[in-house]
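A.B. asks: requesting a structural model of the entry that follows:
(2 chains)
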Amino acid sequence: MDQVTVTLPDGSTRQMPMGTPVREVAASISPRLAAAALAAAVGDRVVDLTHPLEEDASVRIITKDGPEALELYRHSTAHLLAAAVTSLFPEAQCGIGPPTEDGFFYDFVVDRPFVPEDLEAIEAKMRELASLDLAYERKMMSKAEAKRYFADRGEPLKVQLIEEKGGPIVSCYTIDGVFMDFCTGPHVPSSGVLKAFRVLTSSNAYWKGDAKNQPMQRIYGTAFFTNKALEEHLTRLEEAKKRDHRKLGRELGLFTFHKWAPGATFWLAHGTTLWNLLAEYMRAMLFPEGYVEIRTPLVFNKQLWETSGHWEHYREHMFLVESEGEPYGLKAMNCPGHMLVFASEVRSYRDLPIRYYDQSVLHRNEASGVLAGLTRARQFCQDDAHCFVTREQIGDEVERLLRLVQRVYADFRLDFSVELSTRPETFLGDTKTWDQAEHQLEQALEASGQAYVVAEGQGNFYGPKIDFHVIDAIGRNWQCATIQLDYQLPERFQLKYIGTDNAEHRPVVIHRAIFGSFERFIALLIEHYAGAFPLWLAPVQTIIVPIADRHGDYAETVATRLREAGLRVEVDARQEKMGYKIREAQLRKIPYMLVTGDREAADNAVAVRHRTDGDQGACAVDAFIASALAEVRRRS
RNA sequence: GCCGAUGUAGCUCAGUAGGUAGAGCGCGUCCUUGGUAAGGACGAGGUCACCGGUUCGAGUCCGGUCAUCGGCUCCA
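C.D. replies: Numbers count the residues shown, from 1 in each chain, chains lettered A, B, ... in the order given. A predicted model of the protein is given here:
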């Protein structure tokens, strides 16, 4: 019989009879590996353990530690879910069921939405099927055979998928006869390896994600190799719930909402303090970089939006109003207004770059179903700026911006990743200009030492962009900063500057924001810090806790001194025991509690309690002020 | 916008089989002047989201509207 040569990751080789399933490779290495094997990588293909070796190849056995393992495991768990659903709901039609970043989902057409009891029953059924250790087997069928099979099973969506995606021979997987799915695989060898999974939620989805198609019910679940990892993930979900900015925002008195202004924030005193701190911070960062702050109208005549192109492309997201028969729109972005400011004077190349910063209120008429606290609002403010530059200045300007973004996120102790998005399939302008711009962005990224990935074809139709994804304390991603080149808007507004050659030239506009929006960034900060803001951002930095009524005057004296030093202070003079006041201050996550009693009043001191480090003992008032101010400056 | 769920006191929630509402926290008054996460007593507070219907009678059943939540789609 013909032999094939198998090369293992350590470089050693083995001869196996042609057609040997890769499972045997694992077995030939060790019984332990054979038992742990989930799949195998043959060359650069990930395959089932039953995959026959037909030619010389490098083989790597995939166990739970392999990079592809979790995705594959979750995919197999999604099949198990579908098997359970079709077993409990024979009329259910299956859609698709891929693994996701945190687990998996599977879409079904059913008569009625799933209720929590259904999900429990489905999970129980999955456990039952898992405990039976049913084999996952690949079946190759002709396209016609597969279509007939799924048509007979009452799975028209699968028939459609096979028609669209299948070759002459299609790959399907069974779970020991109880379930069959059209799927390229690979899968785990049997359901017994699926141990730590959980059905989480169900919700509506549409066939192929299009609301014009038929509605389906999506079931989300998650799966891990160990119960410990599963529990940790569920704990993380709980933690995310605890940090939810909507909950903390109410508890900490930062903001509120009212049904008469859906999607618009009422900033309460403490929230406004935070907002203003961020605004002051951003101005302090931008002014030395050559930005000037401007303020532009909120309501513009339709003609502006026609010129900018928003009337054509964005009207359904705009709040429209009318005055004396003339149509107006509330601005959804600042750029068109900034174009008018640029055009309001004759510009020379000597004036460039011009950098307009604007914290104006923006309104976007978002669909009611997508509103969510501060992260998805109808009214918000961006830390928005537009840099008007010559083509030659793009690289320098972007490089300056990259360094600025790095400094800002460092101040908030936020990690982030960077993505360069290049020319999409449909774009405006010429490819030469695009190539040049992309090259300049790349060079700027290289020069700034910033690691990044390229997202091919993900740029805006009007120019390439660099996006920043902030990673918060519990590992979630938030899209914040963006740097977008725009060749179109200057064109539409006929912007020009006079060059060294005394001729008119078109400037390029760079749209850029670092926070993104104040609303979303504050939501991020609340969840990142779990409401316990660092001293420099805490709306109330210190609370003074007099022990008894007779200490009230001294407490006020201390408070005045702290305020004069620039600290944000409250005095809790209520007739409550100090344990009560301290508990409340702890729950409000106030960084410093300063207890003032007889001893402190006598020594011109305060007894310092830190919200996380506890009782720090007595400290002279001046010494406390000095150390608190130092902490504010460190932003730690 | 679409699908589903939810909407009871400022907050978190009970409310059983339709018979005009309860708790804890918070709030107010009084007592207590207390040294590092809840002292005690009494009290006020609700058109049960809104509109309409069924019924002798609706927080409870039905329809509609609005908002919120979880998703879809979209996005700062």
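
A.B. asks: doesn't residue A:46 belong to a strand?
C.D. replies: Yes - counting by DSSP: H, G, I helix; E, B strand; the rest coil, residue A:46 falls inside a strand.

A.B. asks: surely it meets residue A:68?
C.D. replies: Yes - shown here, residue A:46 and residue A:68 form a contact pair, counting by C-beta atoms under 8 Å, at 5.2 Å. All C-beta atoms are positioned from the backbone trio N, CA, C, and that covers glycine.

A.B. asks: more crowded one of those two?
C.D. replies: The neighbour comparison of residue A:46 against residue A:68 (other C-beta atoms under 10 Å) goes to residue A:46, with 21 against 14.

A.B. asks: report the contact partners of the more buried one.
C.D. replies: A:39, A:40, A:62, A:68, A:72, A:186 (C-beta atoms under 8 Å, 6 or more residues apart in numbering).

A.B. asks: could you do residue A:621 as well?
C.D. replies: Neighbouring residues of residue A:621 by C-beta under 8 Å, 6+ apart: A:558, A:561, A:562, A:604, A:605, A:606.

A.B. asks: tally of neighbours for the second one?
C.D. replies: Yep, that's residue A:561 we're talking about. Neighbour count of residue A:561, defined by other C-beta under 10 Å: 16.

A.B. asks: near RNA strand B, which residues of the stretch 251-400 of chain A show up?
C.D. replies: Residues of the stretch 251-400 of chain A that fall close to RNA strand B, judged by C-beta under 7 Å from any atom of the strand: A:257, A:259, A:262-263, A:364, A:366-373, A:375-378, A:380, A:382.

A.B. asks: C-alpha coordinates for stretch A:49-66, CSV please?
C.D. replies: C-alpha atoms of stretch A:49-66 as CSV (Å, rounded to 0.1, in the frame of the first residue of the first chain):
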residue,chain,number,x,y,z
LEU,A,49,-9.8,13.7,13.1
THR,A,50,-11.5,11.4,10.6
HIS,A,51,-9.8,13.2,7.6
PRO,A,52,-7.9,10.7,5.6
LEU,A,53,-4.3,11.5,4.8
GLU,A,54,-4.0,11.4,1.0
GLU,A,55,-0.6,12.9,0.4
ASP,A,56,2.6,14.0,2.2
ALA,A,57,1.8,16.8,4.6
SER,A,58,2.7,18.5,7.9
VAL,A,59,0.2,17.6,10.6
ARG,A,60,-0.5,19.3,13.9
ILE,A,61,-3.0,17.8,16.3
ILE,A,62,-5.3,20.4,17.6
THR,A,63,-6.2,20.1,21.3
LYS,A,64,-8.0,22.6,23.5
ASP,A,65,-4.8,24.7,23.6
GLY,A,66,-4.6,25.2,19.8
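
A.B. asks: give me the contacts around it.
C.D. replies: Stretch A:49-66 is contacted from outside by A:4-9, A:16, A:18-23, A:25-26, A:29, A:33, A:36-43, A:46, A:68-70, A:72-73, A:137-138, A:186, A:189, A:225, using C-beta under 8 Å, 6+ apart.

A.B. asks: just to revisit the earlier point, distance to residue A:290 added to the contacts of residue A:46, as TSV?
C.D. replies: Shown next, in TSV, are the contacts of residue A:46 (distance: C-beta to C-beta, whole Å):
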residue	distance to residue A:290
A:39	56
A:40	58
A:62	54
A:68	49
A:72	52
A:186	56
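
A.B. asks: any common contacting residues for residue A:46 and residue A:68?
C.D. replies: Taking C-beta under 8 Å, 6+ apart as the criterion, residue A:46 and residue A:68 both touch A:39, A:62.

A.B. asks: quick one, strands of the stretch 501-636 of chain A?
C.D. replies: In the stretch 501-636 of chain A, the segments counted as strands under DSSP state E, counting those that start in this stretch are A:504-505, A:508-517, A:542-546, A:569-571, A:592-596, A:605-610, A:614-620.

A.B. asks: turn the ones you listed into JSON lines, including mean pLDDT and mean neighbour count.
C.D. replies: Shown next, in JSON lines, are these (pLDDT from 0 to 100; neighbours: other C-beta atoms under 10 Å):
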{"stretch": "strand A:504-505", "mean pLDDT": "96", "mean neighbour count": "16"}
{"stretch": "strand A:508-517", "mean pLDDT": "95", "mean neighbour count": "23"}
{"stretch": "strand A:542-546", "mean pLDDT": "97", "mean neighbour count": "26"}
{"stretch": "strand A:569-571", "mean pLDDT": "96", "mean neighbour count": "18"}
{"stretch": "strand A:592-596", "mean pLDDT": "97", "mean neighbour count": "25"}
{"stretch": "strand A:605-610", "mean pLDDT": "97", "mean neighbour count": "20"}
{"stretch": "strand A:614-620", "mean pLDDT": "96", "mean neighbour count": "13"}
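
A.B. asks: dump those to CSV, plus distance to RNA strand B.
C.D. replies: Shown next, in CSV, are the strands of the stretch 501-636 of chain A (distance: least, C-beta to the nearest atom of the strand, whole Å):
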stretch, distance to RNA strand B
strand A:504-505, 28
strand A:508-517, 3
strand A:542-546, 7
strand A:569-571, 13
strand A:592-596, 4
strand A:605-610, 3
strand A:614-620, 4
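
A.B. asks: for residue A:122, which of the ones you listed is the nearest?
C.D. replies: Across these, residue A:122 has its closest neighbour in strand A:508-517 (38.5 Å, C-beta to C-beta).

A.B. asks: and the residue in chain A positioned nearest to RNA strand B, how many neighbours?
C.D. replies: Chain A approaches RNA strand B most closely through residue A:369 (2.0 Å), counting by C-beta to the nearest atom of the strand. Neighbour count of residue A:369, defined by other C-beta under 10 Å: 6.

A.B. asks: can you verify it is assigned to a helix?
C.D. replies: Yes - Residue A:369 sits within a helix when classified using three-state DSSP.

A.B. asks: before we move on, back to that, which of the contacts of residue A:46 are buried?
C.D. replies: A:39, A:40, A:62, A:72, A:186 (16 or more other C-beta atoms under 10 Å).

A.B. asks: which among the strands of the stretch 501-636 of chain A is found nearest to residue A:389?
C.D. replies: When these are compared by C-beta to C-beta, strand A:508-517 sits nearest residue A:389, at 5.5 Å.
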